[in-house]
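Chemist: Quick one: sequence plus predicted model below, questions after.
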Amino acid sequence: MIGLIIATHGNSSVELIKAAEMFAGPLSQCRAWTLNPGDDIQKGEQMLEEYVDELDQEEGVLIMADLFANLATKIALRKENVETVTGVNLPMIIQFVTERETQMLDELVESCIEAAQDGIKCPTKIMKERR
């Protein structure tokens, strides 16, 4: 099973996991990683790398980050079978959970990016156009 790390500035990663669990049930092989003001960057990088090692069961690990994440990218470039995507949102996480046992890591990255982009809508505009 492909592992998942949701990496954010602040605690939104924890809350995104809770929200995803409302739709998908408990998320296995998943960790939240946060970086808060005053945190030690080196310790944060070490923890993120430990999460990758813990979750990698030979099928890979996907790190979903809120922004272009230098630490996540640095680790992904050093390790085999680790990818990063930015702009984490709930549709992306739900796509990951529903497809991670049927897709390879590279396919999953693409479908998660597509789900994230498709999840961005302006409902009021859509409803006004349907009138």
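Modeler: Received the coordinates, thanks.
Chemist: At which residues are the helices of this structure located?
Modeler: Taking DSSP state H as the test, the helices found in the chain are 12-24, 41-55, 70-78, 90-99, 105-118, 123-130.
Chemist: and Leu4, which of these is closest to it?
Modeler: Of all the helices of the chain, helix 90-99 sits nearest to Leu4, with 6.0 Å by Cβ to Cβ. C-betas here are computed from N, CA, C, even on glycine.
Chemist: Return the angle between stretch directions for that closest one and helix 12-24.
Modeler: On the basis of axes from the mean of the first three to the mean of the last three Cα atoms, to 10 degrees, helix 90-99 is oriented at 50 degrees to helix 12-24.
Chemist: that older thread, out of the helices of the chain, which gets nearest to Val61?
Modeler: Between the helices of the chain, helix 41-55 lies closest to Val61; by Cβ to Cβ that is 5.0 Å.
Chemist: picking up where we left off before, pick the most deeply packed of the helices of the chain.
Modeler: Counting by mean count of other Cβ atoms under 10 Å, helix 90-99 has the highest mean neighbour count of the helices of the chain, with a mean of 20.
Chemist: Quick one: mean pLDDT over that one.
Modeler: Helix 90-99 carries an average pLDDT of 96.
Chemist: could I get the helices of the chain as TSV with distance to Thr84?
Modeler: Output for these, formatted as TSV (distance: least, Cβ to Cβ, whole Å):
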stretch	distance to Thr84
helix 12-24	14
helix 41-55	11
helix 70-78	5
helix 90-99	12
helix 105-118	9
helix 123-130	29
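Chemist: What residues does the residue nearest the centre of the chain make contact with?
Modeler: The residue lying closest to the centre of the chain (Cα atoms, centre = their mean) is Met64, at 2.5 Å. With contact taken as Cβ atoms under 8 Å, 6 or more residues apart in numbering, Met64 is in contact with 4-7, 84-86, 88, 92-93, 96, 112.
Chemist: Retrieve the pLDDT associated with it.
Modeler: So Met64 comes in at 97 (pLDDT).
Chemist: isn't His9 right next to Phe68, touching?
Modeler: No - between His9 and Phe68 there is no contact under Cβ atoms under 8 Å: 11.4 Å.
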